[in-house]
Each structure stands twice: as C-alpha cells, then as structure tokens.
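A.B. asks: fold the following.
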Amino acid sequence: MFLESINSFCLSKKGVEATFPFDEKTIVWKVLGKMFCLGDTDNFSQITVKCNPEDSEKFQEQYEQIKPGYHMNKKLWISVELEGLDSEFVFSLIETSYQLVVQKLPKKEQLLLETL
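C.D. replies: This next block holds a predicted model:
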C-alpha cells in the first residue's frame, strides 16, 4: 500500500522519474536526475528523503520513526519508518525533499522544470 501511494505521489511531481540505479530492489525517485526519495521495494516500510538540518533534528526528537538517513549524509537526509505516521505528514516530507533538490538545480534546469 505504501509503495503505490508514494510512487503515485512522487511521479505526480514535475520532472520526476522512478529509477533503480543501485540494484533491482532499491527504487529512487529523481527530479531531473537528482535523487529526492528512495526506498526498498522488497520491504517498503521506510523511505529516505532530504531534509533541512534543523528540521531533521526536530523530527528525530519528535518522532521515533525518524532516524538519520541510512547510507546518506546524516545531516541532510532522514530515514522515515512509514508505519504509524500520518500519510499527509509523510507526503509533506517528500514534498520538502523534492523542493530542496529543485532549489539546488541550476537556474537553467529550474526554468526547464517550470515548462513541463
């Protein structure tokens, strides 16, 4: 259930594609080639998303389901156990991750994204 709804949400964003760059089970959603969300399709109980460092600390203190990003920069990425969290909150974390990545794209790519 989580995989289908998160996949639909991610793919509804401009310039997003779902890829498997690491192996056949790790799905990675990218905006114009830049990763913003990933998860394991075999056991889709957790996602990893980009996050502001201040929010990362706050969320880790507030929610037991949120930990530093697994195999990622621990200051900029968080891993989120999906069970027990409100879907709107999870979608807001994904949206924030998407926006953080888009903000770091070169201006030319940001303009391209607007035309899609």
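A.B. asks: and I78, what element?
C.D. replies: Element membership of I78 [criterion: DSSP states H and E] is strand 77-81.
A.B. asks: what comes into contact with stretch 43-62?
C.D. replies: Applying Cβ atoms under 8 Å, 6 or more residues apart in numbering, the external contacts of stretch 43-62 come out as 2-3, 6, 36-40, 66-72, 75-83, 90, 93-94, 96-97, 100-101. The way it works is simple: take the backbone N, C-alpha and C, and place the C-beta from them, glycine included.
A.B. asks: now do the buried residues in it.
C.D. replies: 44, 46-51, 56, 59-60 (16 or more other Cβ atoms under 10 Å).
A.B. asks: ditto for stretch 79-86
C.D. replies: Buried residues in stretch 79-86 (16+ other Cβ under 10 Å): 79-80, 82.
A.B. asks: measure that stretch end to end?
C.D. replies: Start-to-end span of stretch 79-86 (Cα to Cα, to the nearest Å) is 15 Å.
A.B. asks: give me the mean pLDDT for that stretch.
C.D. replies: Average pLDDT, stretch 79-86: 96.
A.B. asks: what lies in contact with it?
C.D. replies: Contacts for stretch 79-86 (Cβ under 8 Å, 6+ apart): 2, 44-49, 63, 65-70, 72, 90, 93.
A.B. asks: host element of the most centrally placed residue in the chain?
C.D. replies: Residue closest to the mean C-alpha point of the chain, counted by Cα atoms, centre = their mean, is C37 at 2.5 Å. Element membership for C37, per DSSP H and E: strand 34-40.
A.B. asks: can you map out the strands along the protein?
C.D. replies: Assigned by DSSP state E, the strands in the chain fall at 16-19, 26-31, 34-40, 46-50, 66-68, 77-81.
A.B. asks: nearest to L111, out of the ones you listed?
C.D. replies: Ranking those by proximity to L111 (Cβ to Cβ) places strand 26-31 first, at 13.9 Å.
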